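**Q** Okay, structure incoming, though there's no sequence with it:
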């Protein structure tokens, strides 16, 4: 296991009927901006609960943060927040609202072009603090300091991380997820699943605690995920899914171990060009990437086959092939496709994606730094 630092300052407020406690977490005399998505929180009652909890607080609202939040939209929020002298933010929604709010938080006091925070990893010296009320378990953004932002005019989808944009607190009430469409629940399951595999399906690092944590999250998603789709008001399954998605990307299972993230990098490009859901791109890319990388990942793939999928018969090659097949079948059982052709994304953009990675000095990528241009082209060929 490698050396590491680990610190996560986010206060998690978990469970049923916990929303009113946010009044103790937000300074009483704040000028508050509530950031929201497209309006689903009005339909499911979460918005009314938030407004009731914030009785007596001076607040404004910003609506319209998209899935795969757009830089162009977020800058509108930044301009309003600056004009209104906002000094606290409350993200109410899923991971995209939380991600977008992180950029708003960093951009409000930033002296310069806020896109530099994303593209050049410019370091803000201060931020506007924020909290989160989560309505969609998926990204783990409620307990980490990362965000992914899309820019429409350049068709880029890029990530940034900065410890200054950890949420101060996050409310996780599983009942807030009851009204989610099945496709969004399935997307959340796949997103969390791939977050774990990016940190687990690499190469051995003599880190059994991280491995067992990772395997526990994966097994929980496999066992509990389908239950959350079959029964929308199964509190226990929704609670387990919500906590699994948070634990998948709060930094804990990544301590001292190699990490990959190539599935996400390729997936971001597919979203930027084809407008596909983030999790849908992960479901498409991961099985093909594991197949192309099956040699460098063979030790962990065998372990994954045995410990997560309970596959014990056959040699190394058979175990690996079976584990990758089980992964693909699991994603498809949730209703997600694992081939681009099923999604109408038939244009071959592999050369364009490779050239973008090259221009950003991102190649070779992956946990072993052996994922070169030709391998990326092969992965994209298999995704079709």
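**A** Yep, it's here. Here the structure is a predicted model, which means the values were calculated and not measured.

**Q** how long is stretch 158-170 from one end to the other?
**A** 24 Å (C-alpha to C-alpha, to the nearest Å).

**Q** buried sites along that stretch?
**A** 158, 160, 162, 165, 166, 167, 168, 169, 170 (16 or more other C-beta atoms under 10 Å). All C-beta atoms are positioned from the backbone trio N, CA, C, and that covers glycine.

**Q** again, but for stretch 37-49
**A** For stretch 37-49, a neighbour-count test (16+ other C-beta under 10 Å) marks 37, 40, 41, 44, 46, 47, 49 as buried.

**Q** Also stretch 18-31?
**A** For stretch 18-31, a neighbour-count test (16+ other C-beta under 10 Å) marks 19, 22, 25, 26, 30, 31 as buried.

**Q** what sits against the third one?
**A** The reference is to residue 25. 11, 13, 131, 168, 169 (C-beta atoms under 8 Å, 6 or more residues apart in numbering).

**Q** Got the phi and psi for it?
**A** Phi and psi for residue 25, reported as degrees, to the nearest 10, are phi -100, psi -20.

**Q** now swap in the last one and tell me
**A** According to degrees, to the nearest 10, the main-chain angles of residue 31 amount to phi -100, psi 110.

**Q** all numbers from here: first residue = 505
**A** Happy to do that; since the first residue is 505 now, the last one works out to residue 535.

**Q** if I read this right, it contacts residue 593, doesn't it?
**A** No - if you go by C-beta atoms under 8 Å, residue 535 and residue 593 don't touch, sitting 10.2 Å apart.

**Q** circling back: among the buried residues of stretch 541-553, which lie within helices?
**A** Among the buried residues of stretch 541-553, the members found in helices (DSSP state H) are 544, 545, 550, 551, 553.

**Q** those strands in the protein, which residues are they?
**A** Using DSSP state E, the strands found in the chain span residues 515-518, 535-539, 562-566, 592-597, 634-638, 650-655, 660-665, 673-676.

**Q** buried residues in the third one?
**A** This points to strand 562-566. 563, 566.

**Q** What is the nearest of the buried residues of stretch 662-674 to residue 861?
**A** Using C-beta to C-beta, residue 662 comes nearest to residue 861 of these, at 12.0 Å.

**Q** what's the burial count for the closest residue to the closest one other than its chain neighbours?
**A** Leaving aside its sequence neighbours, residue 662 sits nearest to residue 622 (C-beta to C-beta, 6 or more residues apart in numbering; 5.2 Å). Residues lying near residue 622 (other C-beta atoms under 10 Å) number 24.

**Q** What distance do you get for residue 622 to residue 748?
**A** Here residue 622 is placed at a distance of 28 Å from residue 748 (C-beta to C-beta, to the nearest Å).

**Q** try residue 541
**A** For residue 541, the distance to residue 748 equals 22 Å [C-beta to C-beta].

**Q** got a list of what the spatially closest residue to residue 785 that is not a sequence neighbour touches?
**A** Once flanking residues are discounted, residue 785 sits nearest to residue 771: 3.4 Å by C-beta to C-beta, 6+ apart. Contacts for residue 771 were tallied using C-beta under 8 Å, 6+ apart; they are 782, 785, 786, 788, 789.

**Q** rerun that using 10 Å as the cut-off
**A** 661, 695, 698, 765, 780-790, 793, 887 (C-beta atoms under 10 Å, 6 or more residues apart in numbering).

**Q** gap between it and residue 781?
**A** From residue 771 across to residue 781, the span is 10 Å (C-beta to C-beta).

**Q** overlap in contacts of those two?
**A** 695, 787.

**Q** per-residue pLDDT, the spatially most central residue of the chain?
**A** Central residue of the chain (C-alpha atoms, centre = their mean): residue 643, 2.7 Å from the mean position. Residue 643 is assigned a pLDDT of 95 by the prediction.
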